[in-house]
Structures are given as structure tokens and as C-alpha cells.
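# missing the sequence, but the structure's below:
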């Protein structure tokens, strides 16, 4: 059943096949009624589920978008990322303990996500700009096989590594820190203590992300 307006339930209707051996007029009437009921049920689902509205929008974007919000956290309000472990596509094991002492940028992405493609050149440019200042970038690929992820890296000239997170381990660890499990892309900036200093839900604007990184680079 699908919940409709006011919490009403739309029941599934089962029909005896003998009912179909009637006149063509009856068959046409029955099909029309069934189609109307189905359309009503789908409309009710869409009206109560914002993710369904995105999925049914017809724009073919193939992802659930973040809301575009940018959040900065004061030092006293920052939470340290712990319990995160994962494997990069090159086989290297990385855990959250290795973030301490570095400024870290984590970007959740996958190849078919159009805003991920749009933000990729800016991420690479910022990686190149801030690497000499000890800022490390990691992608967190939540969907692709290795060949697809590597093709994406070649297309956009990405030189920073990505986690192979098809099993969702890294994403699960990050959901405890306000990362929606379906919102891709999402970008996190971690300070030198491995604490989240900023979060971007949705496509990262290059200038905005540069400012967020600059803030933690300048911290003592």
C-alpha cells in the first residue's frame, strides 16, 4: 500500500481472471479504471515523498541532490571523525586516525552524477593549490567499479585518490556527522585535529570551498 493524503492507504486490487472474459467494452472500462487507480496511487506517493518528486521530475539527473547548504562550525562545536576505515582504489588502507595532523577534504561522488562532474575541475585545482600547504584530498566513490572511477579521474585529470566505497562503510561512518546517505555530492573539510570544520551539501563552488579551506589553513 502507498500512503496518500491524510494518511489514507490505497489498497492493491486483485481481480479474478474470469472477469476479463467479458465484452470488449467491459475490458476497456476495467483497464481504464485500473489505470486511473494506479495514477492516483503514484500521485499520492509523490505528494508525500520529496525524494519521489526528485526521482519523477523527468530531468534524468540520476541522483538525489543536496540542498546546496554550506555549514561552518566553530572550533568548540566541531566533532572529530572517528571509526572511519576504507580502502582506496589502489588498494591502500586508510582510516580516520591518519587525518590527525593534516587538513583533509573528503568529497562524496560517483561518475554518473552530473554535479560531481561539474565540480571535479575545481576540486582538482584546489588540490593542486593547497597540497603544498599540507592539505590532503580524498574522493569517496559510493557506486562505481574501479574501471569507471579511473576513467572519471582520467577525464578530469584528478590526481588525488578515492575510496572504493561500494560497500558503504565510509559513507556509513560519515552519516553520524550530518552527511545524508543519499545526497551526492557532499564535501567535508576537516581541521588538523580531524574534526569537521565545514560541510557542503550539493555541488561545491570552487570559491566557497577555497574560503573554507583557507580558514582552517590559517588556524593555529
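Received, thanks. Treat the numbers as computed from the prediction; the structure is a model and nothing was measured.

# remind me which residues of this protein are low pLDDT?
1-67 (pLDDT under 70).

# Just the strands from it, written as ranges.
Per DSSP state E, the chain carries strands over the ranges 2-3, 9-10, 70-72, 85-87, 93-95, 103-109, 135-141, 162-164, 186-190, 196-201.

# Redo these as a markdown table? Include mean neighbour count.
Every C-beta, even on glycine, is put in place using the N, C-alpha and C of the backbone. Formatted as a markdown table, the strands of the chain follow (neighbours: other Cβ atoms under 10 Å):
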| stretch | mean neighbour count |
| --- | --- |
| strand 2-3 | 16 |
| strand 9-10 | 14 |
| strand 70-72 | 14 |
| strand 85-87 | 16 |
| strand 93-95 | 13 |
| strand 103-109 | 25 |
| strand 135-141 | 23 |
| strand 162-164 | 24 |
| strand 186-190 | 25 |
| strand 196-201 | 22 |
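
# Looking at these, which is nearest to residue 177?
strand 196-201 (5.5 Å; Cβ to Cβ).

# hang on, residue 203 packs against residue 117?
No: the criterion here is Cβ atoms under 8 Å, and residue 203 misses it with residue 117 at 9.7 Å.

# With neighbour numbers in mind, choose between the two.
residue 203 (19 against 16; other Cβ atoms under 10 Å).

# Could you pull up the residues touching that one?
Neighbouring residues of residue 203 by Cβ atoms under 8 Å, 6 or more residues apart in numbering: 66, 68, 115-116, 118-119, 185.
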